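1. Next input, structure requested:
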Amino acid sequence: LKVTWQWLRKKANELSVEEVWEEFEKNPYVTITKEEDMLIKKSGQNSKGSFKSRYTNLGIQIISLDKTPKEIKKNAK
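-> Predicted coordinates for the structure are as follows:
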């Protein structure tokens, strides 16, 4: 998030909507556990590295949800 925010601020007057959207598609945001966060930091990839090296190569499984966590919780009641 930090790297993307810096990129957005630096190029704010030059970027098109499509370029911003492509950035979010290329680098999706994920929620990780504290243990996974420590693993990423230990590997030195806190704000760098590719999606694959930061998650997949470290054994972190990415699961896509078809609903938001709030919707899932609401439907579980």
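
2. what about E22, how many residues close to it?
-> Around E22 there are 12 other residues, counting by other C-beta atoms under 10 Å. Quick note: C-beta positions are derived from backbone N, CA and C, even for glycine.

3. Would you quantify the distance from the most centrally placed residue in the chain to M38?
-> Central residue of the chain (C-alpha atoms, centre = their mean): Y29, 2.3 Å from the mean position. According to C-beta to C-beta, to the nearest Å, Y29 and M38 sit 19 Å apart.

4. do K73 as well
-> Separation of K73 from M38 (C-beta to C-beta): 26 Å.

5. any chance you could map the strands in this protein?
-> Assigned by DSSP state E, the chain shows no strands.

6. Output the lowest mean pLDDT helix or strand found in it.
-> Of all helical and strand segments in the chain, the minimum by mean pLDDT, DSSP states H and E falls on helix 51-54, at a mean of 77.

7. Next, count neighbours for the residue nearest to E23 when sequence neighbours are not counted.
-> Of all residues not flanking E23 in the chain, T4 sits nearest, at 6.3 Å (C-beta to C-beta, 6 or more residues apart in numbering). Neighbourhood size, T4 [other C-beta under 10 Å]: 15.

8. Quick check, pLDDT for T4.
-> Here, the pLDDT recorded for T4 equals 83.
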